[in-house]
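Undergrad: Pasted the sequence and its predicted model underneath.
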Amino acid sequence: MPITRRTFLARTALVAGAFAAWGLSGERLRWLVSGALAPAPVGPLRESAAEVLRLTVVALLDARVETGHYVARFRWRAEHVSGARALYERFERAMDRAARAAGETSFRAARPETRRRLLEAVRLEGGATRVRRTLLDRDALRFARWVTRDVFECFAATDAWVLAGYDAWPGMPRAIARVAKPAKPDGPGGAS
């Protein structure tokens, strides 16, 4: 039974893909899909990297949020988690490279809409996009896991509470102070 050229090419691609997956078994496959950070020295985060991360928070959340606790979280990880500082500095270089390719001088100097568009490349996604990133652009997968996801997890635990109408997020010292403060009397002489 003769087959068409298209069918032959599709079957050949399928067989080649199966052999490639089989060839990536073991240690190489674990290296590709590993989400762990590579061991690297810890230390203080450079100011330029901290600023890129702060602008990333603003671009990803597209809301008026206080960015101090996000940057503090990134700084803490850079100083205490092996590989985090190196990843954040690679992220800074990658975003600057992408900004220059988009016609901007740097990520920090780029327009807000350009920053949002550049960050689409490191958004968390599943399916074929994740497979493509795993095989072709491992850094984008790391950035999605250790920068983008981290921003959204921090947002869900903090600023989402404020935007939902609460005075503060759980565990915030200002919230405890408000609850512990006694109520004010109604008039000059106290409650009537």
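TA: Here it is on my side, so go on.
Undergrad: and the gap between the residue nearest the centre of the chain and residue 5?
TA: By C-alpha atoms, centre = their mean, the chain has its centre lying nearest to residue 148, at 1.3 Å. Distance, residue 148 to residue 5, by C-beta to C-beta, to the nearest Å: 42 Å. All C-beta atoms are positioned from the backbone trio N, CA, C, and that covers glycine.
Undergrad: The residue nearest to the centre of the chain: what's it in contact with?
TA: Residue 148 is in contact with 56, 60, 119, 122-124, counting by C-beta atoms under 8 Å, 6 or more residues apart in numbering.
Undergrad: Is there a quick PyMOL command that grabs whichever of the residues you listed are buried?
TA: Typed into PyMOL, the line below selects the buried ones among these, using 16 or more other C-beta atoms under 10 Å:
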select buried, resi 56+60+119+122
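Undergrad: Low-confidence regions, the protein specifically.
TA: 22-35, 124-137, 174-192 (pLDDT under 70).
Undergrad: Tell me where it has helices.
TA: 5-23, 27-33, 47-61, 68-80, 84-101, 112-119, 128-136, 138-143, 149-157, 159-163, 173-180 (DSSP state H).
Undergrad: Select, out of the ones you listed, the one closest to residue 39.
TA: helix 84-101 (9.3 Å; C-beta to C-beta).
Undergrad: which parts of the closest one are buried?
TA: 84-89, 91-92, 94-96, 98-99.
Undergrad: quick revisit: from residue 101, how far off is the residue nearest to the centre of the chain?
TA: Per C-beta to C-beta, residue 148 is found 20 Å from residue 101.
Undergrad: Make CSV out of the contacts of residue 148 and add distance to residue 44.
TA: Output for these, formatted as CSV (distance: C-beta to C-beta, whole Å):
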residue, distance to residue 44
56, 19
60, 24
119, 24
122, 24
123, 28
124, 28
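Undergrad: just the contacts of residue 148 now: which is nearest residue 154?
TA: Taking C-beta to C-beta as the measure, residue 154 sits nearest to residue 60 out of these, at 10.6 Å.
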